[in-house]
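[1] Below are the sequence and a predicted model for it; my questions follow.
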Amino acid sequence: MATTIRAEAGPLRRYAPLLGVALIVLYCLLPFYWMMVSAFRRPSDQFDNSIIPRPFSFDNIKDVFKEGTGFGRGLANSLLVAGTVTILTLVIGLVAAYTLARLDFRGKNLVLAIIITTSMFPGISLIVPLLKLFIDIKWINTYQAMIVPSLSFALPLAVWTLTSFFRQMPRELEQAAMVDGCTPAQAFRKVILPLAAPGVFTTAIITFIAAWNEFLIALTMVQVKEKQTANVIISQFTGAAGRDQPFGSQMAAGVIVTIPLVIAVLLFQRRIVAGLTAGGVK
């Protein structure tokens, strides 16, 4: 009887994880699929509940890019802000993480704890003091008013992640490079940095996605449409055709904003997974 129960439980035990994964994937992809379906419906069919748009229409996408919406400029602004935040985070984070991983000084663990603790503050609690500061230094309606706060949120995670990568690399790598004639800076650039590429790449992708999706700071600090990011413009979108409830146009804009991130993650998923797992193993 025990053998029979074990035989019946075998298929269930084998397919239960697959079923769980399928449910998770469905849960994650269903909102994005519905957003795409809504984007490709005709404006007159925006409240239709069919799972496939019939007839297929590009009217909503055309409305998004019509003159006066500012969506194209918003995409360029989002790319500028997210790209700048990513580059600055990597440059500063690499130097700080390598220093924390290689130098021994009193209070190093306390410094790491303080760095990671700063990322735990909710962003909305910093909006009012940042707004007052930026008004005083005349940074309102500037790109740096979006870049600097995003950088402060991205750096702690970058430093923490990269520090774990550099710590797992043996010091003998730099020593061997310096024996061959490299300076410490050359050893870092030619030996350590290439080996840390998975971690650097993962940090870059996570930072870019976070900066690309940032909304609250961009909404608060910038009121000039020419400098607003795509996310803010979508929230203020009223429809190029004058519709009172432009759900279709907002869905189309959401698809356009999301697709680059989806493509990037699909193309580089192996590097992302390698970067997330390599730092946790010694």
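    Here it is on my side, so go on.

[2] domain parsing for this protein?
    Taking automatic domain parsing as the reference, the chain has its domains at 11-60, 70-236.

[3] Point out the one among these that comes closest to Phe247.
    Ranking the domains of the chain by distance to Phe247, with C-beta to C-beta as the measure, places domain 11-60 first at 5.0 Å. Glycine gets a C-beta too; all of them are placed from N, C-alpha and C.

[4] mind checking which of the domains of the chain is nearest Ala253?
    With C-beta to C-beta as the measure, domain 70-236 is the member of the domains of the chain nearest Ala253 (4.6 Å).

[5] what helix or strand does the nearest residue to Phe166 once chain neighbours are set aside sit in?
    Nearest residue to Phe166, sequence neighbours excluded (C-beta to C-beta, 6 or more residues apart in numbering): Ala101, at 3.5 Å. Element membership for Ala101 (DSSP states H and E) is helix 71-102.

[6] that older thread, and the pLDDT for the residue nearest to Phe166?
    pLDDT for Ala101: 86.

[7] Count the residues that sit near it.
    Counted with other C-beta atoms under 10 Å, residues neighbouring Ala101 total 21.

[8] got the contact list for it?
    When contacts are counted by C-beta atoms under 8 Å, 6 or more residues apart in numbering, Ala101 touches 162-163, 165-167.

[9] what about it, distance to Gly123?
    28 Å (C-beta to C-beta, to the nearest Å).

[10] List the buried residues of stretch 200-213.
    200-212 (16 or more other C-beta atoms under 10 Å).

[11] How far does that stretch sit from its chain's centre?
    How far stretch 200-213 lies from its chain's middle: 4 Å, per C-alpha atoms, centre = their mean, to the nearest Å.

[12] Give me the contact list for that stretch.
    With C-beta under 8 Å, 6+ apart as the test, stretch 200-213 has contacts from 78, 81-83, 85-86, 89-90, 93-94, 150, 153-154, 157-158, 161-162, 193, 231, 257, 261, 264-265, 268, 271-272, 274-276.
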